[in-house]
Every structure is written in structure tokens, then in C-alpha cells.
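Visitor: After the sequence you'll find the predicted model.
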Amino acid sequence: MSKKITIVGAGIVGIATACYLRREGHEVTVVTMHPPGEYCSFGNAGMLNNGGCVPQAVPGVLWKVPGYLTDPLGPLVVRWSYFAKGMPWMLRFLASATASQAERASIALYSLIRDTVPSYEELVKWAGTPDLVRRSGYLVAYESEKSYQGDALAWKLRRERGVRTELLDAAGIRKLVPQLAPGYVRGVHVLEQGYVANPGRLVKSLAAQFQRDGGTLLERQVLDIETVEGGVVALLTSAGRMPVETLVVCAGVHSGELTAMLGEAVPIEAERGYHVTYSDPGLQLPLPVHVSDAKVFVTPMEMGVRVAGQAEFSGIYAEPDYQRADVLETHMKRMFPQVRTTDATRWMGRRPSMPDSLPVIGPSAKQKNVFYAFGHGHLGLCAGASTGRLVADLVGGRRPAIDLTPFRINRF
Ligand SMILES: Cc1cc2nc3c(=O)[nH]c(=O)nc-3n(C[C@H](O)[C@H](O)[C@H](O)COP(=O)(O)OP(=O)(O)OC[C@H]3O[C@@H](n4cnc5c(N)ncnc54)[C@H](O)[C@@H]3O)c2cc1C
């Protein structure tokens, strides 16, 4: 039976959800304060990698934090002014860093992102933009055998899930990516992965197809939510009151502000990342390259080449600190000394991150007509399509294809 559904958010998660629900014949309206694909989903590294099935909190992470924080080229920054505010989230994050929790999270994440490449291939074919999804492996490069060994648990978790890899020495790395600097002695070629050639255009093209298919998109901000007897009745927006029958919250890092209005506070944090995109880099990259120590991804894109990474904790609303993008450029020049950096654009985005690295997907525990799909952290692109399909299952009253228990809202 067709339902009237309102989705808050037009990032990859909200738009993928809108597409699947509309394709099932529901009357779908997306409400968003930014145009489709213009917020966090705009500038990510484009990776569609089920090798991402490793949570951020793994045993030993605590001992790495001081080194990360004191290294000016390190991947992690906590602004001092934000330290006290961010502390409760960080303590929950560190509490998740046990071997058993890492394994549970890995199993749950893999169930969500296992089919990321074929899922997007089907979606972009439907949207008429099949060129956006490219099949490739990706290379993880290490400057020493010791740093490769330092990632042993992550590789064990990936291999146990079934992620196929090939171990490379320096010569193997050179053969795969001839332009990579010679200092990398150990590599892992992660097979059967893919990437999106322009993450912003991906969301826009899906949103356009959703609208051609009869979906509605409204640009306005949700300011408050009206509830009556355990259910939502209306959104109070910057353009007035909107009655609601079924609500899906896909508002990325702002989802916590909305769940709080619904009486369901969640520990979500803005894990801010940066990118630099070079339009004329003078590089021929056959596949994405990840340097694990620096935690950067370099991805070939239709606009040139993008280097992305960094985790900065300073809240949702602080101004970007483009010194973090300078750090990415330093790593880029180290990886590819011949890169031309003249035509470059910089960007900052807010990953919606939960302390246990697992998104929230499922029904509200308090409001009878509300579903949640947010908090995908580092994996929102990989998991966007599958999340949309799962929400469509829930709204349609079908049993979801995977166990959603690890993603329930009231797990904290
Ligand atoms: C540097 C970097 C690299 C990354 N690389 C990858 C990668 O390679 N692969 C991967 O899978 N993930 C990656 N990610 C993570 C990924 O980009 C995010 O997880 C994903 O974009 C989150 O999508 P979303 O739809 O949940 O949120 P967003 O894209 O942030 O969208 C949120 C939407 O909600 C709307 N909204 C919020 N509040 C309101 C409100 N009150 N009223 C109306 N509308 C509202 C916004 O306007 C927006 O449309 C990366 C992130 C960063 C920062």
C-alpha cells in the first residue's frame, strides 16, 4: 500500500532512501536545508569499499592518539576549546575499542556494505549516469613493514569477512601505481572494490531521477517537530508547518538535533574531514591509493585527482581550518612528488560519526511513525544505497535483508 513519506536530508543517505521508496510507489517528499549532495556527501573520497568493514575504534587506538595529536602532519586534531565538550563521545569511542566489540562492529558493517558496488551500479543505471561508478581495486601503501604489522588486526577482520586481497612488495606496488613515490615497501591490493567519479554529481543525478519519477524535493530547514501521543504530526520549517504521516530522519550530522526533539538523544559527533581536488594534476592514477599511516585517500575523479582525509573535532559549527587541507597537500606531494598543485579547490565536510562506528538504522523507539537512517561516519557513501533499501523494507512492512539489531537507536 502506498504511503505518504517525508524524508529530512538530501545527502546520499536521504536521496538513496527517497529513490527506493519512490520506486516502490510511495508518495515521497524530501526536505533539505542544502541542495542535494551539497553537504557532507559532496566532497568525500568516493570510495565504495567493503574493505571499510573495520570500525575506527580498535584495540590499541588509545596509544596511537598522543602521537596523532602531537604530529603536525597527523590525521587527528581536537581543538582545545572543544576538548571538554567532545570528551563524553571520545570516552564512549575508547570504550568501544575492545577486540570483541571491534569484531561485532566489523560483522555488522560488512553486512551493510558488502554489496556496495553492485548496489550503486544498479542505481546509477536507473538514473542514467552509469559512468559515475567505476570498478577497481584500491591500493593500501605502507612505508615500513612495521606499520603494515601495526594494521594486522584490521587486515584480519577484513579477511575474516571475505574481503579479497593481494600482498605486494615494492616492485608490485610500482607495477600497480608507477607514479607513486618509491618509499613504499609494503602494499595490499584490495580487490573487487570501486569508487564514484564525482560523489556530488552522484547525489544530484539520483535526486534528479527521483524528481522525474514523481518525487518532491523542498529546500527548507526543519526547525522543530510537532508530536502528539507518541507520533509525529508535523515539521515546523523555515517555510512554514508541514503535516507528516511517516517521517524518515536522514539529516547526517544534524540528526542528533532532530532526535533530541523527538526525545531520543544520541551520541553523534561531527568528525570533520577535508579534501583538496586538483583539476590538472598531471597524474594517471589507475586506482585509488590509501596511505594508512597518514590516513589519506587519493582518488582519481572526473574533475582531476582528490586527496581526502583528516579527523578534526571542533563541533558542527566552527569555521573550517584549512591548515588541515595543507596537511593533506603535504601528504599528496610526498606520495606523488610530480603532482601539479596549481588548480586546486579545498573543502571541509562533517562526517556524522557514532562512537561505535555503526550508523543508526531502524524505527524510533519512541515515535510510532518515525524511522532513522544516519550516523554513517566514514562509510556514508558505501552504505547509502543499502541503507535506503533497508528503510524501504521497514516502511513497506517487510523483514529487512540483514539483522538491524546492531544499528538500533536505543543501544547507547
Ligand atoms: C573527507 C571525507 C572523506 C570521506 N570519504 C568517504 C568515502 O570514501 N566513502 C564513504 O563511504 N564515505 C566517506 N565519507 C563519509 C561520507 O561522506 C558521509 O558519511 C556521508 O556523506 C553522510 O551522508 P548523509 O546523507 O548522512 O549526510 P549529508 O551528506 O551531510 O546530508 C545531510 C542532509 O541533511 C540535511 N539537513 C540536516 N539538518 C537539516 C534540517 N534541520 N532541516 C533540513 N535539512 C537538514 C542537509 O541539508 C543535508 O541535505 C567521507 C567523509 C569525509 C568528510
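Guide: It's in. Numbers count the residues shown, from 1 in each chain.
Visitor: who in this protein is up against the ligand?
Guide: 8-14, 31-34, 39-41, 44-47, 221-222, 250-254, 273-275, 308, 349, 351-352, 374, 376-382 (Cβ under 6 Å from any ligand atom). Quick note: C-beta positions are derived from backbone N, CA and C, even for glycine.
Visitor: Quick check on these: which are buried?
Guide: Neighbour-count burial (16 or more other Cβ atoms under 10 Å) is assigned, among those, to 8-14, 31-34, 39-41, 44-47, 222, 250-254, 273-275, 308, 349, 351-352, 374, 376-382.
Visitor: Break this structure into its domains for me.
Guide: 4-41+201-266+357-411, 58-99+131-193+268-351 (automatic domain parsing).
Visitor: Distance from the shortest one to the middle of the chain?
Guide: Domain 4-41+201-266+357-411 has its C-alpha centroid displaced from the chain centroid by 15 Å (Cα atoms, centre = their mean, to the nearest Å).
Visitor: which element is Val65 on?
Guide: For Val65, the element it lies in under DSSP states H and E is helix 61-70.
Visitor: Quick one: list the elements packing against the helix or strand just after that helix.
Guide: For helix 61-70, the following helix or strand on the C-terminal side (DSSP H and E) is strand 76-78. Secondary-structure packing of strand 76-78 (3 or more Cβ pairs under 8 Å, 6 or more residues apart in numbering; DSSP states H and E): helix 61-70, strand 304-313.
Visitor: Arg161 is nearest to which of those?
Guide: Among those, the nearest to Arg161 by Cβ to Cβ is helix 61-70 (19.6 Å).
Visitor: Just want the angle from the helix or strand bottoming out on mean pLDDT in the chain to strand 304-313.
Guide: Ranked by mean pLDDT, DSSP states H and E, the helix or strand of the chain with the weakest confidence is helix 61-70, at a mean of 89. Counting by axes from the mean of the first three to the mean of the last three Cα atoms, to 10 degrees, helix 61-70 lies at 110 degrees to strand 304-313.
Visitor: now helix 61-70, how far from the centre of its chain.
Guide: 23 Å.
Visitor: Pull the residues that contact it.
Guide: Here helix 61-70 makes contact (Cβ atoms under 8 Å, 6 or more residues apart in numbering) with 74-78, 94, 97.
Visitor: is it possible to export those to JSON lines including neighbour count and distance to Val228?
Guide: What follows is the contacts of helix 61-70, written out as JSON lines (neighbours: other Cβ atoms under 10 Å; distance: Cβ to Cβ, whole Å):
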{"residue": "Gly74", "neighbour count": "19", "distance to Val228": "49"}
{"residue": "Pro75", "neighbour count": "22", "distance to Val228": "46"}
{"residue": "Leu76", "neighbour count": "16", "distance to Val228": "44"}
{"residue": "Val77", "neighbour count": "19", "distance to Val228": "44"}
{"residue": "Val78", "neighbour count": "17", "distance to Val228": "41"}
{"residue": "Leu94", "neighbour count": "14", "distance to Val228": "40"}
{"residue": "Ala97", "neighbour count": "18", "distance to Val228": "42"}
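Visitor: Greatest separation within these: which pair is it?
Guide: Taking Cβ to Cβ, no two of these sit farther apart than Val77 and Ala97, at 19.3 Å.
Visitor: Could you identify which of the helices and strands packed on strand 76-78 is most buried?
Guide: strand 304-313 (a mean of 24; mean count of other Cβ atoms under 10 Å).
Visitor: what about the residue in the stretch 1-150 of the chain positioned nearest to the ligand, distance to Arg135?
Guide: Residue of the stretch 1-150 of the chain nearest the ligand, by Cβ to the nearest ligand atom: Gly11 (2.2 Å). Distance, Gly11 to Arg135, using Cβ to Cβ, to the nearest Å: 24 Å.
Visitor: ditto for Val228
Guide: Val228 is 49 Å from Arg135, by Cβ to Cβ.
Visitor: for Gly200, same thing?
Guide: 21 Å.
Visitor: More neighbours: the two, which one.
Guide: Remark: of Gly200 and Arg135, Gly200 carries more neighbours, 21 against 13, as counted by other Cβ atoms under 10 Å.
Visitor: and the more buried one, what is it in contact with?
Guide: 37-38, 41-43.
Visitor: ditto for Asp115
Guide: By Cβ under 8 Å, 6+ apart, the neighbours of Asp115 are 50, 386.
Visitor: Over to Arg351: give its phi and psi.
Guide: phi -70, psi 130 (degrees, to the nearest 10).
Visitor: is it true that Asn116 touches Cys53?
Guide: One thing to correct before we go on: residue 116 is Thr, not Asn. No. Thr116 lies out of contact with Cys53 (Cβ atoms under 8 Å); the separation is 10.3 Å.
Visitor: Name the residues of stretch 399-412 that are buried.
Guide: Buried, per 16+ other Cβ under 10 Å, within stretch 399-412: 400, 402, 404, 406-407, 409.
Visitor: average model confidence for it?
Guide: Across stretch 399-412, pLDDT averages out at 97.
Visitor: Start and end of that stretch, how far apart?
Guide: 24 Å (Cα to Cα, to the nearest Å).
Visitor: quick one: low-confidence parts of the stretch 51-200 of the chain?
Guide: Counting by pLDDT under 70, the stretch 51-200 of the chain shows no low-confidence range.
Visitor: mind listing the strands for it?
Guide: 76-78, 133-142, 165-169, 186-196 (DSSP state E, counting those that start in this stretch).
Visitor: Dump those strands to JSON lines, plus distance to Ala365.
Guide: Shown next, in JSON lines, are the strands of the stretch 51-200 of the chain (distance: least, Cβ to Cβ, whole Å):
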{"stretch": "strand 76-78", "distance to Ala365": "31"}
{"stretch": "strand 133-142", "distance to Ala365": "35"}
{"stretch": "strand 165-169", "distance to Ala365": "39"}
{"stretch": "strand 186-196", "distance to Ala365": "33"}
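Visitor: so which of those comes closest to Leu235?
Guide: Nearest of the strands of the stretch 51-200 of the chain (Cβ to Cβ): strand 186-196, 30.3 Å.
Visitor: my guess is Pro55 contacts Met354, does it?
Guide: No. When contacts are counted by Cβ under 8 Å, Pro55 is not listed as touching Met354 (9.9 Å).
Visitor: For the stretch 101-250 of the chain, which residue gets nearest to the ligand?
Guide: Val222 (3.6 Å).
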